[in-house]
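Q: With the input below, show me the fold.
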Amino acid sequence: MKSIPHVISWNLTKGCNLLCTHCYLPTNNTQTTLNQNIPSSDELDTDAAYKIIDDIAEINPNIILILTGGEPLLRRDIFDLSRHASGKGMMVLLGTNACLINDDVAKRLRDSGVSGIGISFDSMRPDVHDSIRGLKGSWEKAIEGMRACKRNGLEIQIQTTVFKKNYDEIPDVVAFANEMGAKVFNLFFLVCTGRGQDITDITSKQYEDALKQIYKLNKQYEGTMLVSAKCAPHYRRIAYEMDPESALVKYYSGGCPAGTNYCRITPEGNVTPCPYMDTSCGNLREKSFGEIWRDSSILQELRESNLKGRCGECEFESMCKGCRARAYATTGDQMAEDSWCEYEPGKYGGKKIMLKAENTFGLEKGFELSWSEDAKKRLNKVPSFGRGMVIKRVEQYAKEKGYSEITPDIMKEAKEKMAVDKKMMFPFLSMMGKKKANNGKIEWETEALERVKNAPDFVRPGIYKLMEKRAKERGYNVITSEFLSEIRDESMKFASRRIKKLGLDELRIEAFDIAKLKLKSKKKKEVIDNIKGFLNDRTGKNTEIITKFKKYLSHEVKPSVDSQKNNDS
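A: Okay, here's the model as predicted:
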């Protein structure tokens with residue numbers, strides 16, 4: 001089977017404003033100001049980085065590209081690099097400690113094409129987080145960074161590394177992530193390399209118990225937030241033991257992804273199987289990304305997956321494979337057994353467990369039906385590793401219903417019918433249509449408020465109500481000018497469809513006469529009469545009609561207090 005990279009983690013710089021105890025990268029704690037880091041002589045400069053992005057796009061333009069560090073915001077060209085990558089079609093994520101993110105930085109990241117921010121957050125106790133991150137005050141700054149992201153319409157992921165000192169906090173940190181509106185929570189399990197090579201960390205039993213907690217928490221937050229485990233291929237075996245019919249077992253890729261659909265790029269341009277493995281598969285100053293990905297003997301060995309020791313004997317070999325980085329760190333052999341796993345092969349009879357269900361992770365993208373341009377645009381918001389799966393599910397639904405062309409409306413219908421697969425497909429199914437409601441306070445960008453202020457007085461409350469309703473439905477905490485335009489266009493299309501259903505090709509005054517015949521509600525009739533009267537007198541100012549509208553709309557929901565203050569100023 002051809003191996004295609006779906007996710008690449010790129011350490012752009014060794015420069016960092018923190019000094020984390022467990023960092024796998026030998027960082028330089030010298031830069032503390034945003035965008036002040038100029039790549040050192042051994043780090044890739046901007047032009048070289050552009051070329052690498054172009055090379056990657058030739059292999060998979062829809063890849064998830066994680067820009068991290070050190071602290072990537074110390075790179076002076078971070079906004080240029082993210083803009084270049086997103087322009088190629090890549091889903092760009094930023095891995096950061098968030099201490100340098102304020103409203104201006106968040107807005108610039110959003111405008112440069114960053115789709116989401118992965119924020120390191122290790123404890124609900126400031127002293128514990130600060131001790132792990134090596135800087136007093138980093139806990140508070142991380143939370144300020146999260147809030148700035150949400151205010152400016154950037155999705156966040158919370159990334160927590162589990163240690164003995166925060167092991168008991170896992171449920172609390174997950175709950176906090178959900179309260180902050182995170183779409184994803186990832187629990188990372190330490191690989192003892194780099195600065196963390198001497199950390200003893202949690203026991204193998206705690207490791208197993210933590211994975212069981214994550215599985216239960218994922219079910220608890222299903223449909224609201226994806227709760228997952230990273231650097232823990234045993235998680236799929238845990239899922240199987242807890243529920244063999246779990247979508248996580250049926251549909252997710254099996255085992256450690258290192259070298260098969262995932263790799264890392266170092267600041268110097270070396271390609272390695274993952275961030276915790278420093279074995280270079282080739283340098284991007286000397287070879288293209290495609291050459292290294294196809295020809296590296298290190299990567300080929302990982303893909304052949306001839307595992308040794310308990311991992312090779314294990315019933316769960318195909319769905320787990322053990323952590324290759326831990327095997328390499330402890331034995332020097334990337335194919336050796338993972339010593340952190342406490343499972344002893346034979347519990348399930350010793351026979352390899354081969355799943356009957358189809359593994360749709362990374363399924364090749366192939367269209368059997370016609371897709372509208374709008375539907376394809378919406379599909380492109382789905383990460384590449386899930387796109388083939390979404391195509392298959394949507395087309396299967398369309399065929400059952402007798403549809404010959406896929407439109408955004410059909411995608412939305414299909415999404416609603418995919419209840420059995422929601423756990424498997426979240427969060428990228430949500431990118432096809434309406435998101436879960438967000439019950440937090442909605443804030444307004446100044447530019448958006450100014451646009452609404454130019455609307456007639458009597459319709460302004462209705463605009464506020466509609467926009468805040470749509471923002472909550474789609475999980476946004478901030479209403480931007482762009483979002484205002486998006487909802488306006490959708491509303492116009494909706495109005496156009498309704499008018500056509502009445503048998504008219506444009507909005508004319510008789511549309512209201514026709515609508516009156518179809519409606520029995522006295523209140524609706526009164527509103528229609530008001531609208532009709534207003535349109536008849538629209539060449540001049542009709543105070544009586546405006547007063548009627550104001551009275552009717554007086555019960556409408558007003559914008560949040562802060563927004564109204566801005567509007568009245």
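
Q: Dead centre of this structure: give me the residue that sits there.
A: Gly116 (5.5 Å; Cα atoms, centre = their mean).

Q: residue contacts, the residue nearest to that one when sequence neighbours are not counted?
A: Spatial nearest neighbour of Gly116, chain neighbours left out: Glu155 (4.2 Å); criterion: Cβ to Cβ, 6 or more residues apart in numbering. Just so you know, the C-beta spots here come from the backbone N, C-alpha and C atoms, and that holds for glycine as well. Glu155 makes contacts with Ser115, Gly116, Ile117, Cys149, Lys183, as judged by Cβ atoms under 8 Å, 6 or more residues apart in numbering.

Q: try Cys311
A: Cys311 touches Glu317, Cys320, Lys321, Gly322, Ala327, Ala336, Glu337, Asp338, Cys341, counting by Cβ under 8 Å, 6+ apart.

Q: show me the contacts for the fourth one.
A: It refers to Gly322. Pro233, His234, Gly255, Cys256, Leu307, Cys311, Cys314, Glu337, Asp338, Cys341.

Q: Could you do the first one as well?
A: Contacts for Glu317 were tallied using Cβ under 8 Å, 6+ apart; they are Ser305, Leu307, Cys311, Lys352.

Q: tell me the pLDDT at it?
A: pLDDT recorded at Glu317 is 90.

Q: which residues in the stretch 101-250 of the chain form helices?
A: 103-111, 126-133, 138-151, 170-179, 204-220, 235-242, 247-251 (DSSP state H, counting those that start in this stretch).

Q: who does the longest one touch, helix- and strand-wise?
A: With contacts defined as 3 or more Cβ pairs under 8 Å, 6 or more residues apart in numbering; DSSP states H and E, the packing partners of helix 204-220 are helix 170-179, strand 184-189, strand 226-230, helix 235-242.

Q: Now the terminal residues of stretch 209-229, how far apart.
A: In stretch 209-229, first residue to last residue: 12 Å (Cα to Cα, to the nearest Å).

Q: What mean pLDDT does it get?
A: So the average pLDDT for stretch 209-229 ends up being 90.

Q: Quick check: buried residues in that stretch?
A: 210-211, 213-215, 217-218, 221, 224-229 (16 or more other Cβ atoms under 10 Å).

Q: OK, contacts around Ala142?
A: By Cβ under 8 Å, 6+ apart, Ala142 lies in contact with Asn97, Ala98, Cys99, Ile119, Ser120, Phe121, His129.

Q: can you check Arg470 too?
A: Phe483, Ile487.

Q: likewise Asp54?
A: Counted by Cβ under 8 Å, 6+ apart, Asp54 has contacts Lys88.

Q: Only the buried subset of the contacts of Ala142, as a ChimeraX command please.
A: Remark: buried members of these, expressed as a ChimeraX selection using 16+ other Cβ under 10 Å:
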select :97,98,99,119,120,121,129
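
Q: returning to what we had before: surely the residue nearest to the centre of the chain touches Lys183?
A: Yes. Between Gly116 and Lys183 there is a contact under Cβ atoms under 8 Å: 7.2 Å.

Q: where do the contact lists of the two overlap?
A: What both Gly116 and Lys183 touch, as defined by Cβ under 8 Å, 6+ apart, is the set Glu155, Ile156, Gln157.

Q: how about stretch 384-402: buried residues?
A: Buried, per 16+ other Cβ under 10 Å, within stretch 384-402: 384-395, 397-398.

Q: And for stretch 116-134?
A: Residues of stretch 116-134 classed as buried by neighbour count (16+ other Cβ under 10 Å): 116-123, 128-134.

Q: got a markdown table for the contacts of Ala142, with distance to Ala455 too?
A: Shown next, in a markdown table, are the contacts of Ala142 (distance: Cβ to Cβ, whole Å):
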| residue | distance to Ala455 |
| --- | --- |
| Asn97 | 41 |
| Ala98 | 36 |
| Cys99 | 40 |
| Ile119 | 37 |
| Ser120 | 42 |
| Phe121 | 40 |
| His129 | 45 |
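
Q: of all the contacts of Ala142, which comes closest to Ile63?
A: Ile119 (21.4 Å; Cβ to Cβ).

Q: contacting residues for that closest one?
A: Going by Cβ under 8 Å, 6+ apart, Ile119 touches Thr96, Asn97, Ala98, Ala142, Gly145, Met146, Cys149, Ile156, Gln157, Ile158, Gln159.

Q: Among those, which one has the most neighbours?
A: Cys149 (31 neighbours; other Cβ atoms under 10 Å).

Q: That one is in contact with Ile156, isn't it?
A: Yes. Under the criterion of Cβ under 8 Å, Cys149 is in contact with Ile156, at a separation of 5.1 Å.
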